[in-house]
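K.L.:
from the sequence below, what's the structure:
(one chain, ligands or ions: 2)
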Amino acid sequence: MVEGATAEELALAAELPPNRWPLGPDSPIEAWYMDDSDEDQRLPHRLTPNQPCPAEALHALGVRVWALDADAYERGDPQLAAIRKVRGYSYEDRITITPEALPNYEEKIKGFYQEHLHTDEEIRYVLEGSGYFDVRDLQERWVRIWNKRGALLVIPEGIYHRFTLDTGNSITALRLFVGVPVWTPHNRPAEHVPSRSKYLASLGGNVEASAVLAA
Ligand SMILES: CSCCC(=O)/C(O)=C/O
Ligand SMILES: [Fe+2]
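P.N.:
Ligands and ions are numbered 1, 2, ... in the order given. This is a model prediction of the structure:
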């Protein structure tokens, strides 16, 4: 139990089991396996036919999601407050990614789309617009996670991932963090970064199972 959190806060912040995840085309979050074409990164890159990534597969990779009421943000959303408290997210800022709003836009966009990992969780809450967070699964496939207004996404320390805008070309998101933020990306290969082995160890049997599947 998190110190100081009430039962109500714990319930509001609770992780949903994957079979109740708010994933799908009518939800703020949707996930699918990507094709390998090198067309514009902002296109959806769905396979034909589309192959959704099941919530259980994302959960097994350590990804966590919530669909929040973005309209409630400005008036102080109790669910977001509870998640922040229970998960210890003490830092918060806001990033808007458009050519006009983001200094060094072209360079930043390129950097976000380089496959990388971080030494902490990456936590983003979409307030406006949308974008794609791609994560690598254990068979080296890219899973594209489409995050729209209301999507709160947590991707684990040590997972290889990247970010791109979609064809809407705009996103405003909250960046949350435990303590003083460290944004440094470690571009692949980053096997020497302790967070990578920590991540793989955290997956436990999933790594062995995936090796068998990939063989
Ligand atoms: C919408 S947040 C921009 C992407 C980012 O901060 C990051 O680290 C991507 O991996
Ligand atoms: Fe990142």
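
K.L.:
buried residues, stretch 54-73. List them.
P.N.:
Under the neighbour-count criterion of 16 or more other CB atoms under 10 Å, stretch 54-73 has 55, 57-68, 70 buried. Every C-beta, even on glycine, is put in place using the N, C-alpha and C of the backbone.

K.L.:
hmm, who's touching that stretch?
P.N.:
Stretch 54-73 is contacted by residues 15-16, 18-19, 21-23, 27-29, 31, 77-80, 83, 125-128, 135, 137-138, 143, 145, 149-156, 159, 199, 202-203, 206 when judged by CB atoms under 8 Å, 6 or more residues apart in numbering.

K.L.:
any of these buried? List them.
P.N.:
Going by neighbour count (16+ other CB under 10 Å), those have 18, 21-23, 28-29, 31, 77, 79-80, 83, 125-127, 135, 137-138, 143, 145, 149-156, 159, 199, 203, 206 buried.

K.L.:
just these: which are in helices?
P.N.:
Helix and strand membership here follows DSSP state H; of the buried ones among the contacts of stretch 54-73, those in helices are 79, 80, 83, 199, 203, 206.

K.L.:
where does pLDDT dip in the chain?
P.N.:
Confidence mapping of the chain against pLDDT under 70 gives the ranges 1, 205-215.

K.L.:
can you tell me if stretch 143-154 touches ligand 1.
P.N.:
No: for stretch 143-154 and ligand 1, the contact criterion (CB under 6 Å from any ligand atom) is not met; the two come no nearer than 8.0 Å.

K.L.:
the helix or strand that contains residue 147 pairs with which strands?
P.N.:
When secondary structure is defined by DSSP states H and E, residue 147 falls within strand 142-148. Looking at strand 142-148 with DSSP bridges, its partner strands are strand 29-33 (antiparallel), strand 122-136 (antiparallel).

K.L.:
let's have those strands in CSV, adding distance to residue 105.
P.N.:
As requested, these are exported to CSV (distance: least, CB to CB, whole Å):
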stretch, distance to residue 105
strand 29-33, 25
strand 122-136, 14
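
K.L.:
what bridges to the residue of the chain found nearest ligand 1?
P.N.:
The chain approaches ligand 1 most closely through residue 163 (3.6 Å), counting by CB to the nearest ligand atom. Per DSSP bridges, residues listed as beta-bridge partners of residue 163: residue 133.

K.L.:
right, and it touches residue 133 too?
P.N.:
Yes: Residue 163 is within contact range of residue 133, at 5.4 Å (criterion: CB atoms under 8 Å).

K.L.:
need the residues of the protein near ligand 1, please.
P.N.:
Residues of the chain found near ligand 1, taking CB under 6 Å from any ligand atom as the criterion, are 95, 97, 112, 122, 124, 131, 161, 163, 171, 173.

K.L.:
of the residues you listed, closest to residue 44?
P.N.:
Distance ranking of the residues of the chain next to ligand 1 against residue 44, using CB to CB, places residue 131 first at 12.0 Å.

K.L.:
need the contact list for the closest residue to residue 41 other than its chain neighbours.
P.N.:
Counting by CB to CB, 6 or more residues apart in numbering, residue 164 is the residue found nearest to residue 41 once chain neighbours are left out, at 4.5 Å. Residue 164 makes contact with 41, 42, 109, 112, 113, 131, 132, 134, according to CB under 8 Å, 6+ apart.

K.L.:
circling back to that earlier point, dump the residues of the chain next to ligand 1 into TSV; add neighbour count as well.
P.N.:
Conversion of these to TSV gives the following (neighbours: other CB atoms under 10 Å):
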residue	neighbour count
95	13
97	20
112	18
122	22
124	20
131	23
161	23
163	25
171	26
173	25
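
K.L.:
before I go, just wanted to say thanks for your time.
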